[in-house]
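Trainee: Sequence first, predicted coordinates after that:
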Number of protein chains: 2
Amino acid sequence: MGKQMTEMLKGTLEGIVLALLTGKPAYGYEITTLLRAQGFTEIAEGTVYALLVRIEQKGLVDVEKRPSEKGPPRKVYTLNAQGEKELDEFWKTWGFLSERLEQLRKGGN
Amino acid sequence: MGKQMTEMLKGTLEGIVLALLTGKPAYGYEITTLLRAQGFTEIAEGTVYALLVRIEQKGLVDVEKRPSEKGPPRKVYTLNAQGEKELDEFWKTWGFLSERLEQLRKGGN
DNA sequence: TTCCGCTACTTAGCGCTACTATGTACTAGT
DNA sequence: ACTAGTACATAGTAGCGCTAAGTAGCGGAA
């Protein structure tokens, strides 16, 4: 999607993944395909895995390894309490930014 | 506003400044105070000036130096044709991201 | 007249995140 | 044996916002 999108995803991609995970555990490869299905067609695989490592180290998700019939074992990520809290804050931050931008778009500067 | 906002501003701050500049030339210090007035209270001064250098080098704005009664000369930035084009693309990119996120927030994952 | 505060701009170095590129490893189908 | 699809990992790069510190001009208070 170009450089603009790349920069804009910084900070929001984590929130997007956390949101995808709410009430619905998923593994890395699955998350990548989910993102692609939602229109984020150019998200690099490596980006997702790196992000998952990060949110695991921050303690926002619980991880469980499960065997796969089709390849190497999957790492299934589940949003935990801390992750939900982080997601909450993400929505607040995004809400604020979104409001400001919507106002600007309507010419309210 | 914390680390989340810092990351989320990456990519969007440029668009915000370009939007502030539409039809209304402004100088750096003025832009900083404008941003603060709009709720971006923790935007660092250095960030704004660095951004202005960047958009000038990208050719998105025209610059004019004007004397000030209260201090060093001001550098007044005016959005040019290329800047308007960039702003257009910014709104498209942001629109896409915004739609996706709004859908996610409503539980549409 | 010295000092403080506000105006106004600049810049070196840091941390974080997404991307590129490449590699490993397992399974099934041809 | 080879390929394609599944599944994860990681070293190096670029870009952006922040920190911190500095330069410079002006006015008013001490």
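Mentor: Structure's in. What do you need?
Trainee: And the residue nearest the centre of chain A?
Mentor: residue A:17 (1.9 Å; CA atoms, centre = their mean).
Trainee: Up against DNA strand D, what does chain A have?
Mentor: Applying the criterion CB under 7 Å from any atom of the strand, the portion of chain A that neighbours DNA strand D consists of A:3, A:7, A:10, A:27-30, A:45-46, A:49-50, A:52-53, A:68, A:70-76. Yep, even glycine has a C-beta here, placed from its N, CA and C like the rest.
Trainee: can we see that at 10 Å?
Mentor: Taking CB under 10 Å from any atom of the strand as the criterion, chain A approaches DNA strand D at residues A:3-4, A:6-8, A:10-11, A:26-33, A:44-53, A:56, A:63, A:65-77.
Trainee: The helix or strand where residue A:62 lies pairs with which strands?
Mentor: Assigning secondary structure by DSSP states H and E places residue A:62 in strand A:61-66. The strands that strand A:61-66 pairs with in its sheet are strand A:74-79 (antiparallel) (by DSSP bridges).
Trainee: Quick check: next helix or strand after the partner strand?
Mentor: Scanning onward from strand A:74-79 (DSSP H and E), the first element met is helix A:81-105.
Trainee: what about residue A:37, neighbour count?
Mentor: By other CB atoms under 10 Å in any protein chain shown, 9 other residues sit near residue A:37.
Trainee: let me fix that: residue A:31
Mentor: For residue A:31, the neighbour count with other CB under 10 Å is 20.
Trainee: ok now do it, which residues does it touch?
Mentor: In this structure, residue A:31 makes contact with A:17, A:20-21, A:48, A:52, A:77, judged by CB atoms under 8 Å, 6 or more residues apart in numbering or on different chains.
Trainee: Let me know the closest of those residues to DNA strand D.
Mentor: For the contacts of residue A:31, the minimum distance to DNA strand D (CB to the nearest atom of the strand) is 6.3 Å, reached by residue A:52.
Trainee: on that earlier part again, contacts for the strand holding residue A:62 next, please.
Mentor: By CB under 8 Å, 6+ apart, the residues outside strand A:61-66 that reach it are A:21, A:25, A:27, A:52, A:55-56, A:73-80, A:83.
Trainee: buried residues in that strand?
Mentor: Neighbour counts over strand A:61-66 (16 or more other CB atoms under 10 Å in any protein chain shown) mark residue A:61 as buried.
Trainee: and if you look at stretch A:75-90?
Mentor: Burial within stretch A:75-90, assessed by neighbour count using 16+ other CB under 10 Å, is assigned to A:75-77, A:79, A:83, A:86-87, A:90.
Trainee: Under the pLDDT cut-off, which ranges of chain A? List them.
Mentor: Low-confidence segments of chain A, defined by pLDDT under 70, span residues A:1, A:108-109.
Trainee: Go again with 80.
Mentor: Counting by pLDDT under 80, chain A has low-confidence residues at A:1, A:107-109.
Trainee: Quickly note the distance from residue A:102 to residue B:31.
Mentor: Per CB to CB, to the nearest Å, residue A:102 is found 20 Å from residue B:31.
Trainee: SS state for the residue nearest to the centre of chain A?
Mentor: Per DSSP: H, G, I helix; E, B strand; the rest coil, the secondary structure class of residue A:17 is helix.
Trainee: ok, now which ones touch it?
Mentor: Residue A:17 makes contact with A:31, A:35, A:48, A:51-52, A:55, according to CB under 8 Å, 6+ apart.
Trainee: Nice, that's everything, thank you.
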